[in-house]
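# predicted model, plus sequence, below.
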Amino acid sequence: MVTALFEDQVGKFDWMIENTGNVTWSRFVTVNNVNSLLVSSDTTLALKDLKTGAFTWRKVFGDQDGQISSVAVVENAAYVATFHLGRSLCRLFDSSNGNLRYEISLVPESTAAEVITDYVINPKQSTNVFVVSKTSVRSVNLDDGLNWNYPLNIDDVDAFYDRRVFLDQTVRVVTLYKTGIHVLQFESQSGEKLLDSRSSFDFSFEQCQLFRSHVLCWKNDMLSYFSLDQMSKSEGQKIQFKTSKLGFKILDVEFVKNSLYLLKFEDRAATLVDISVKEVSTIQHFEHFLTSAAIQSQFSSADRYFAFVHSNNNVITVTSVNCESKKQHVVASLDSVSKQLMSHGKLLHLSLFMEKLSGDAFDNMYVAMEDLETFLIQRTKKGYGVLWRKDESLAYVVDVEMSDLNLSEMMVTLEADFEFTNNPKTTLVEMFYRRFSSHFHQFMHFAESTYEQLQSGALFKECSAKNSPLDLVRDKFNVNKMAVVVTENGKLIGMLSSSGQIVWSNWLREISFKKSLAQSEVFLFLQRGTDDYKFKPKAVLVGQNSQSGNAAIVYFDPLTGEILEHLKDTGYKASQVFSISELVNSENLKLFAILKDDLTLKLFPEDKHSHQLFTDFCKENTFVVLAHKGDAFFGLQFKSAGNGKIVWQHNFGPDHRVPWYSHQTRGRISRFPGRVQADQTVLFKYLNPNLAFIVLEPKLQDVSPNLPAVQIQSTSTSLA
């Protein structure tokens, strides 16, 4: 999307869009007396202004920093902590400005690498983190390092299930086996062991999960559970599970608060239950459950309210439950925004904020949808409405193509004049009248545009899509263009290059764009531009069908986003996709081709004229496609669409695999090899567009990588 015209333009930009990415965590906070929103993805932590959605500050973590595993706010949201288990790190940031306060390793440098199974930060003391692994439990102080460390072991490796740490008044470490349970309790400051209790039970479940106060296990429609408080009363005795038959197959269990749990079933059904009594008590059943979240408030006791979002007759409804009294309230029915939200797929993430702790109405709701669109919904006097929205899929751009805007009315008139003049049937009088009329309109346009420039002081009019994309025309210097953007999650977006304004957006949920060996599994190609005013512009996008993996092809108008044709499943897999841009058929469409998985070539468009153009091209030029299968690379020569002939082959042996190779896929067919500029007598192979670069790596560590990288001349039989 960036083209440098001169040296002083390198590294500068007219606009920039910052993104969070796939939001997995959020929290409403008040920072410096300003209502704000903390958000996080696996690579980004940021603070947003609640009124506008603009970033107050943003932290992006690269591969060397490690992905964010979880986030926690501490000391009344004065600080925010991020955990990076891939690097065994904990980082503490100031919520007001994003400055890093501490960074500490959760694993001492002197110890061998170990797998952390759980961790918890003290919400009242931001510098204190408790970490548990398979070999120890330790208290880590961000100020001065390790406080205390207690060694642990696994009694039965084969029977080990899970190990968790919980922080109440003391530190509890619970280890769950398939044969029993082991509970250790420590004093948080000194690390003194207060309790060491073991109990056994018979394990015959499909799933088992360890929570703060209970162990829940399930198999089909049977739910079994017991309270950890029983451990101190029945130490050494065999644990007896309480069992209830629910009548529906349990898929998952989610902890709510205290003894409340949400049981999830098939077809999006869910039930909120209380297991504090002898039998499982149903509090509320949801037929079309979407998601749930604790209701946040500026009061510390706000977590006693929990919100459940479900669909009722295609209307998103929010129901709150008081986790202490078990009372329910229908907080809101989002009639006005339900249709808008549900067009973006499933609801993946939710945060709710309530000014008054009544449980019967929320003030702000932040949601992240399946297509990565995020919304801030706010309560007004007229009901609930969208305050702002942000498309976070722009954090995962895989391809961009620039398209010229439409010709202006004056330019179309000029083009039509030239065609009219070149027509042999046109008389001299007709030519004179048309030319005089055109000159008059050109003069009027020049006078109007000059007056506007003098009034505004602008060199050229900025593009805007306030009315319709069809109104967008080229500026005087053809600087402003339409940037067509493709994202990993199947978003197709049209943006103005002058401002970054999103003009149109389509979500192609049936298509996926995954990384392949040689290139991204996406091919975006401008098949016909706007230079010929007689035809509408046309672009093509090739990806993979999410279900079958076969090629999927979408033809669309790059200026309006209108889908012209959508082939969701072609019935074959695409090994390669490339353009043959120098071949243009009678409809002014540039040709492109797909190398199918059976190594046959399919040409597009599929009309006779296009096939004849390609056949004639192959008679005059050598058309060779680089292909890869197993440990072999070979060149396939085509003289027409269909089957090709192997003209060369290189085998790198069974000891190596090819993690990556690179070659041109767009306009890569060239009549001439690369040559040194201004010297046509010298062949310079690194400028050769037919050159392919291949990286090899050994399959086994003890195999010497004697061919780490090679270059292949794809139109010949020799290694470059």
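Nice, I can see it.

# look up phi and psi at the closest residue to N19 other than its chain neighbours.
Taking Cβ to Cβ, 6 or more residues apart in numbering, and ignoring the residues beside it in sequence, N19 has A395 as its nearest neighbour in space, at 3.8 Å. All C-beta atoms are positioned from the backbone trio N, CA, C, and that covers glycine. Comment: the main-chain dihedrals of A395 come out as phi -80, psi -10, following degrees, to the nearest 10.

# tell me what the closest residue to S546 other than its chain neighbours is bridged to.
In space, not counting the residues next to it along the chain, S546 is nearest to S512; the distance is 4.6 Å by Cβ to Cβ, 6+ apart. When bridges are taken as DSSP bridges, the partners of S512 come out as Q544.

# before we move on, back to that, show me what contacts the residue nearest to N19?
Counting by Cβ atoms under 8 Å, 6 or more residues apart in numbering, A395 makes contact with N19, T20, G21, N22, S41, T44, L372.

# hey, which helix or strand in this protein has the poorest pLDDT?
In the chain, no helix or strand scores lower on mean pLDDT, DSSP states H and E than strand 709-713, which sits at a mean of 55.

# so where does V540 fall, helix or strand?
Mapping V540 onto the secondary structure by DSSP states H and E places it in strand 538-545.

# list of residues touching that strand?
401, 403, 484, 486, 490, 492, 508, 510-514, 521-528, 550-558, 564, 568-569, 574, 577, 589, 592, 594, 604.

# please enumerate the strands of the stretch 401-550 of the chain.
Secondary structure of the stretch 401-550 of the chain (DSSP state E, counting those that start in this stretch): strands at 481-487, 491-496, 502-507, 511-512, 523-528, 538-545.

# dump those to JSON lines, plus distance to L176.
Compiled in JSON lines, the strands of the stretch 401-550 of the chain are given as follows (distance: least, Cβ to Cβ, whole Å):
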{"stretch": "strand 481-487", "distance to L176": "40"}
{"stretch": "strand 491-496", "distance to L176": "41"}
{"stretch": "strand 502-507", "distance to L176": "41"}
{"stretch": "strand 511-512", "distance to L176": "37"}
{"stretch": "strand 523-528", "distance to L176": "49"}
{"stretch": "strand 538-545", "distance to L176": "40"}
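
# which of these sits closest to L216?
strand 511-512 (34.6 Å; Cβ to Cβ).

# quick one: list the elements packing against that closest one.
For strand 511-512, the packing partners by 3 or more Cβ pairs under 8 Å, 6 or more residues apart in numbering; DSSP states H and E come out as strand 538-545.

# mind listing what's buried in the strand it packs on?
Along strand 538-545, these residues count as buried under the neighbour rule (16 or more other Cβ atoms under 10 Å): K538, A539, V540, L541, V542, G543, Q544, N545.

# returning to what we had before: least confident of the strands of the stretch 401-550 of the chain, on average?
For the strands of the stretch 401-550 of the chain, the weakest mean pLDDT is recorded on strand 511-512, namely a mean of 82.

# what sits up against that one?
Applying Cβ under 8 Å, 6+ apart, the set of residues contacting strand 511-512 is G490, E521, L541, G543, Q544, N545, S546, A552, V554, K568.

# for this protein, longest strand please?
strand 574-584 (DSSP state E).

# where does pLDDT dip in the stretch 1-150 of the chain?
Applying pLDDT under 70 to the stretch 1-150 of the chain picks out residues 1-12, 109-114, 144.

# hey, where'd the strands end up in it?
Going by DSSP E, counting those that start in this stretch, the stretch 1-150 of the chain shows strands at 25-31, 34-40, 44-49, 55-60, 70-74, 79-84, 89-94, 100-105, 116-121, 128-133, 136-141, 145-151.

# among the contacts of strand 511-512, which pair sits farthest apart?
Checked with Cβ to Cβ, these reach their widest spread between E521 and K568, with 15.4 Å between them.

# the two: who's more crowded?
When E521 is set against K568 and neighbours are counted by other Cβ atoms under 10 Å, the residue ahead is E521, at 20 against 15.

# my read: M402 touches A483, true?
Yes. A contact is recorded between M402 and A483 when judged using Cβ atoms under 8 Å, the distance being 5.8 Å.

# okay, those two: which has more neighbours?
The neighbour comparison of M402 against A483 (other Cβ under 10 Å) goes to A483, with 19 against 13.

# bridging residues for that one?
Here A483, judged by DSSP bridges, has bridge partners M402, M495.

# next up, the contacts around it.
Residues near A483 by Cβ under 8 Å, 6+ apart: M1, V400, E401, M402, S403, G494, M495, L496, S497.

# so L228 touches S197, yeah?
No. At 9.4 Å, L228 and S197 do not qualify as touching, with contact defined as Cβ under 8 Å.

# what residues are shared contacts of the two?
V183.

# sketch out the low-pLDDT regions of the stretch 501-650 of the chain for me.
When residues are selected by pLDDT under 70, those of the stretch 501-650 of the chain lie in 514-522.

# how much space separates N19 from N35?
Separation of N19 from N35 (Cβ to Cβ, to the nearest Å) stands at 22 Å.

# of all the contacts of A395, which two lie farthest apart?
Among the contacts of A395, the pair separated by the greatest distance (Cβ to Cβ) is T44 and L372, at 12.7 Å.

# joint contacts of the two?
G21, A395.

# of the two, who's got more company?
Using other Cβ under 10 Å, the more surrounded residue of T44 and L372 is L372, with 28 against 21.

# shouldn't the more buried one be in contact with N22?
Yes. L372 sits in contact with N22 when judged by Cβ under 8 Å, with a separation of 5.9 Å.

# which residues are common contacts for those two?
E392, A395, Y396.

# and the first one, how far from S403?
What that stands for is E392. Using Cβ to Cβ, which is the criterion applied here, E392 is 24 Å from S403.

# one more: H84?
According to Cβ to Cβ, H84 and S403 sit 40 Å apart.

# next one: V273
Taken as Cβ to Cβ, the span from V273 to S403 is 55 Å.

# of these two, who's got more company?
Neighbour count, other Cβ under 10 Å: between V273 and S403, V273 has more, with 25 against 21.

# contacting residues around that one?
Each residue near V273 by Cβ under 8 Å, 6+ apart is listed here: L260, Y261, L262, L263, V280, S281, T282, I283.

# where exactly do the helices run in the stretch 251-400 of the chain?
Assigned helices in the stretch 251-400 of the chain, in chain order: 335-342 (criterion: DSSP state H, counting those that start in this stretch).

# so where's it shaky on pLDDT?
In the predicted model of the stretch 251-400 of the chain, residues 299-303, 357-360 satisfy pLDDT under 70.

# one more time with 50, if that's ok
Counting by pLDDT under 50, the low-confidence segments of the stretch 251-400 of the chain come to 300-302.

# and the shared contacts of L372 and N22, which is closest to Q237?
Using Cβ to Cβ, E392 is the member of the shared contacts of L372 and N22 that sits closest to Q237, with 52.1 Å.

# picking up where we left off before, any idea which of the buried residues of strand 538-545 is closest to D168?
Among those, Q544 lies closest to D168 (Cβ to Cβ), at 49.1 Å.

# how near is that closest one to S281?
Summarising the geometry, the distance separating Q544 from S281, computed by Cβ to Cβ, is 47 Å.

# again, but for Q189
Taking Cβ to Cβ as the measure, Q189 falls 39 Å from S281.

# the two: who's more crowded?
The residue with the greater number of neighbours, taking Q189 and S281 and applying other Cβ under 10 Å, is S281; the counts read 15 against 12.

# tell me the bridge partners for the closest residue to C208 other than its chain neighbours.
With Cβ to Cβ, 6+ apart as the criterion, C208 has its nearest non-adjacent residue at 4.1 Å, and that residue is C217. Residues found in beta-bridge contact with C217 (criterion: DSSP bridges) are C208, S224.

# ok, C217 to F513 distance?
Going from C217 to F513 by Cβ to Cβ gives 40 Å.

# before we move on, what about M354?
If you measure M354 against F513 using Cβ to Cβ, the figure is 40 Å.
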